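[1] build me a model:
(chains A and B)
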Amino acid sequence: MSELWGVLEEHLPEFSAGLWVTFRLVAASLLIAIGVGTAVAALRVAPLRWLNRIGGVYVETFRNVPLLVLLIIAFAGIRRAGIPIDPWVAGIASLGLYTAAYIAEALRSGVFAVGKGQIDAALSLGLSYPRTMRRIVLPQAFRTVIPALSSLVIAMIKNSAIVGASLVALPDLLKSARQVQADTAQTNEVFFWAAIGYLLLTVTATLGFRYLERTYAIKR
Amino acid sequence: MESKSRWRLIAIAFATLLLVSLGIAACGDDDEEETTAAPDVEVEEFGADTTMGKIQEAGEMNIGVKFDVPPFGFNNPQTGEVEGFDVDLGRYIAARLGVEPVFREANSDNRIPLLVDGTIDLILSTMTITEERDLEIDFSEPYYVANGDVLVPTGSDIQALDDLNGNRVCTALGSTYQETIKEEAPDAELRLVDLYSQCLELIQTDAVDAVSTDNVILTGMVIQDDTLELLGLNYTKEPYGAGIPDGDTEFKEFVDESIQQYIDDGTWEENYETWVGQYVPEEQQQGPPDITLEEALKLFPLEK
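    Numbers count the residues shown, from 1 in each chain, chains lettered A, B, ... in the order given. Predicted coordinates:
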């Protein structure tokens, strides 16, 4: 037990630096994922077939390629092509665009949950399609998919560990923990604290989504 | 009706393809390689209660080597086999037991756990002898002495250890250099990866400015890419030892004897020439280690 606390006390700077890197990586990726995910969901449900197609190609591309492969392409591939992409940019873009595909699908299911009658009503009242989306459909869609989004964000926080473990090699929480583990050889203790670090992030996310759910949920 | 039978046909074709590919996969090796020719040495029988006896009982010896570090342990894409200086030493030790060596991939980060949990019987994975590692496992007498060096793209501004400060430097997670670089160049920006081949990828794509680790590993990178060069700094001495399960003194004695014999009968020199000697200039050539385990341990003492 004392060893457990000893490792944390002695290596707190490494652990907190790693947690901070993971937090920034997750926060930036989340912004991209929600922005791009919403745009792609809008394309997927647009009334124009070729827009649907573009959205479909995006989702199928980013959902069907393993994150690790995306990371290698986004970093080593692009650098080999002569573009000196920064590890942070490669990591955030890969994780964000990958998660965006899932968020787009979740939102699409939310859009379908909004009755067709509401869309018809909005359009017949003279609202343009984008405006109908923005004012009528998406706000309801977001509410419906809050529980699903919560799962996706938790998955994204955990997927951030793949970014650090890949060639991109950001000094994230897992990497810092492995560095401490190599220094101290206290495997169990070190990874216990790494798990706690990830738990801090995921529990915060869960609580945030629970708050959103309570505030914006459609009363039933 | 017609479309239904067509679908059935497609399904059958797909299933056949799947089965055939599974069959092919089963025939091929996964992450292990077996030896072709065993060196010619005397085989001694050991008691069933010793590690040697157990290995003889099993008929194979699992040896953890690097798969991506020429010229010590690497998967040769042309032959599909693992080759190198460490691999040849492993073959020699296995042959002394009259068993087949099975080479498993063991990198800087996972080799000690693999030995501790019994997945492998012996580590021969360019592992520097340190007191810290000695807490978890035992070491054989040194079988090779490497030196710490720095690899840069030809014509780089980095010419000395000091120049690493402010630059991005790659080394392997869990290697001795993780600490050494922090001491020698505290302001260097460390990039820690799992495999040395990833360091090569990073320096080739200009994602790091230098790679620092044992000169023999770096020499392997220069063999693969001649736009890179070694600085020849030799700033650390890294005696390699075989990793043996903690407290297994009989097995350690056996491995030590094997290494001594390997050196005495000239096999060491022969393999050195094959894997290292021919690639380095005359003045950098070296002989078998002139350092004992005790002295080696003092080079990397425990902190505090």
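[2] quick one, longest helix in chain A?
    Longest helix of chain A, by residue count under DSSP state H: helix A:2-45.
[3] quick one: that helix near chain B?
    No: Helix A:2-45 stays clear of chain B (C-beta under 8 Å from any C-beta of the partner chain), getting no nearer than 10.6 Å. For every residue, glycine as well, the C-beta is placed using N, CA and C.
[4] that helix: what's the following helix or strand?
    helix A:49-64 (DSSP states H and E).
[5] what residues does that following helix touch?
    Outside helix A:49-64, the residues that touch it by C-beta atoms under 8 Å, 6 or more residues apart in numbering or on different chains are A:40-46, A:70, A:97-98, A:100-102, A:104-105.
[6] what is the nearest of those to B:D290?
    Relative to B:D290, the closest of the contacts of helix A:49-64 is A:L70; by C-beta to C-beta it sits at 49.8 Å.
[7] rewinding a little: who does the longest helix of chain A touch, helix- and strand-wise?
    With contacts defined as 3 or more C-beta pairs under 8 Å, 6 or more residues apart in numbering or on different chains; DSSP states H and E, helix A:2-45 has these neighbours: helix A:49-64, helix A:87-113, helix A:138-165, helix A:173-184, helix A:187-216.
[8] give me the mean pLDDT for stretch B:260-269.
    Mean pLDDT, computed over stretch B:260-269, is 95.
[9] what about that stretch, start to end distance?
    12 Å (C-alpha to C-alpha, to the nearest Å).
[10] contacts for it, please.
    For stretch B:260-269, contacts defined as C-beta under 8 Å, 6+ apart pick out B:P39, B:V41, B:D88, B:L89, B:Y92, B:I93, B:R96, B:E141, B:Y143, B:G287, B:P288.
[11] buried ones among those?
    Among these, those that count as buried by neighbour count (16 or more other C-beta atoms under 10 Å in any protein chain shown) are B:V41, B:D88, B:L89, B:Y92, B:I93, B:R96, B:E141, B:Y143, B:P288.
[12] out of these, name the ones that lie in helices.
    Short answer: the buried ones among the contacts of stretch B:260-269 in helices (DSSP H) are B:D88, B:L89, B:Y92, B:I93, B:R96.
[13] so who does the fourth one touch?
    When the contact criterion is C-beta under 8 Å, 6+ apart, the partners of B:I93 are B:M61, B:I63, B:P101, B:L122, B:A242, B:V255, B:S258, B:Y262.
[14] neighbours around residue 99, how many?
    With no chain named, the answer covers chain A. By other C-beta atoms under 10 Å in any protein chain shown, 27 other residues sit near A:T99.
[15] my question was about chain B, not that one.
    Count around B:V99 with other C-beta under 10 Å applied: 21.
[16] apart from its chain neighbours, what residue comes closest to it?
    The spatially closest residue to B:V99, leaving aside those adjacent along the chain, is B:M61, at 5.1 Å (C-beta to C-beta, 6 or more residues apart in numbering or on different chains).
[17] that neighbour belongs to a strand?
    Yes: assessed by DSSP: H, G, I helix; E, B strand; the rest coil, B:M61 belongs to a strand.
[18] how much space between it and B:A94?
    5 Å (C-beta to C-beta, to the nearest Å).
[19] overlap in contacts, the two.
    In contact with both B:M61 and B:A94: B:E100, B:P101, using C-beta under 8 Å, 6+ apart.
[20] next, count neighbours for the closest residue in space to A:F62 that isn't next to it in sequence.
    Nearest in space to A:F62, with sequence neighbours left out and distances taken as C-beta to C-beta, 6+ apart, is A:A101 at 3.8 Å. Residues lying near A:A101 (other C-beta under 10 Å) number 21.
[21] what do you get for the one 5 residues further on?
    Applying the criterion other C-beta under 10 Å, we find 20 residues in the vicinity of A:A106.
[22] and it, how close does it get to A:P84?
    Counting by C-beta to C-beta, the gap from A:A106 to A:P84 is 35 Å.
[23] returning to what we had before: which of the contacts of helix A:49-64 sits closest to chain B?
    Chain B lies nearest to A:L70 out of those, by C-beta to the nearest C-beta, at 16.3 Å.
[24] the closest one: what's it in contact with?
    Residues near A:L70 by C-beta under 8 Å, 6+ apart: A:F62, A:S94, A:L97, A:Y98.
[25] in what element of secondary structure is it found?
    Using DSSP H and E, A:L70 sits within helix A:67-72.
[26] any idea of the mean pLDDT for the next helix-or-strand element following that helix?
    Downstream of helix A:67-72, the next assigned helix or strand under DSSP H and E is helix A:78-80. Averaged across helix A:78-80, the pLDDT comes to 91.
[27] can I take it that B:R191 is in a strand?
    Yes: assessed by three-state DSSP, B:R191 belongs to a strand.
[28] how many residues are close by the residue lying closest to it once chain neighbours are set aside?
    Take B:R191 and drop its neighbours on the chain: the residue closest to it by C-beta to C-beta, 6+ apart is B:C170, 4.5 Å away. For B:C170, the tally of surrounding residues (other C-beta under 10 Å) stands at 27.
[29] can you tell me the SS state at B:C170?
    Following three-state DSSP, B:C170 is assigned to strand.
[30] so how far is stretch A:172-189 from its chain's centroid?
    Counting by C-alpha atoms, centre = their mean, to the nearest Å, stretch A:172-189 is centred 25 Å from the centre of its parent chain.
[31] list the buried residues of it.
    Result for stretch A:172-189 [16+ other C-beta under 10 Å]: buried residues A:172-187, A:189.
[32] before we move on, the earlier item: now do the residue nearest to B:R191, the pLDDT please.
    What the model reports for B:C170 is a pLDDT of 95.
[33] remind me which residues of chain A are low pLDDT?
    For chain A, residues meeting the criterion pLDDT under 70 lie at A:1, A:218-220.
[34] related to what we said a few turns ago, of the contacts of helix A:49-64, just say which sits nearest to B:T227.
    B:T227 has its nearest neighbour among these in A:L70, at 28.3 Å by C-beta to C-beta.
[35] flag every residue of chain B that's near chain A.
    Applying C-beta under 8 Å from any C-beta, one finds that chain B approaches chain A through B:109, B:112-113, B:132, B:135-136, B:173-174, B:178-179, B:190-194, B:198, B:201-202, B:204-207.
[36] could you export the helices and strands packed on helix A:2-45 as a markdown table, including distance to B:E105?
    Listed next are the helices and strands packed on helix A:2-45 as a markdown table, based on distance: least, C-beta to C-beta, whole Å:
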| stretch | distance to B:E105 |
| --- | --- |
| helix A:49-64 | 28 |
| helix A:87-113 | 26 |
| helix A:138-165 | 16 |
| helix A:173-184 | 18 |
| helix A:187-216 | 20 |
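[37] and B:F300, which of the ones you listed is closest to it?
    That would be helix A:173-184 among those, by C-beta to C-beta, at 12.6 Å.
[38] list the helices and strands the closest one packs on?
    helix A:2-45, helix A:138-165, helix A:187-216, helix B:177-184, strand B:189-193.
[39] just those: most buried one?
    strand B:189-193 (a mean of 23; mean count of other C-beta atoms under 10 Å in any protein chain shown).
[40] test my guess that B:V87 contacts B:F103.
    Yes: applying C-beta atoms under 8 Å, one finds B:V87 in contact with B:F103, separated by 6.2 Å.
[41] could you name every residue contacting both of the two?
    Common neighbours of B:V87 and B:F103 (criterion: C-beta under 8 Å, 6+ apart): B:V65, B:G73.
[42] now residue 55. Nearest residue, chain neighbours left out?
    Here I'm looking at chain A. Nearest residue to A:G55, sequence neighbours excluded (C-beta to C-beta, 6+ apart): A:L43, at 3.3 Å.
[43] nope, chain B
    Distance criterion C-beta to C-beta, 6+ apart; nearest residue to B:I55, sequence neighbours excluded, is B:M61 at 5.0 Å.
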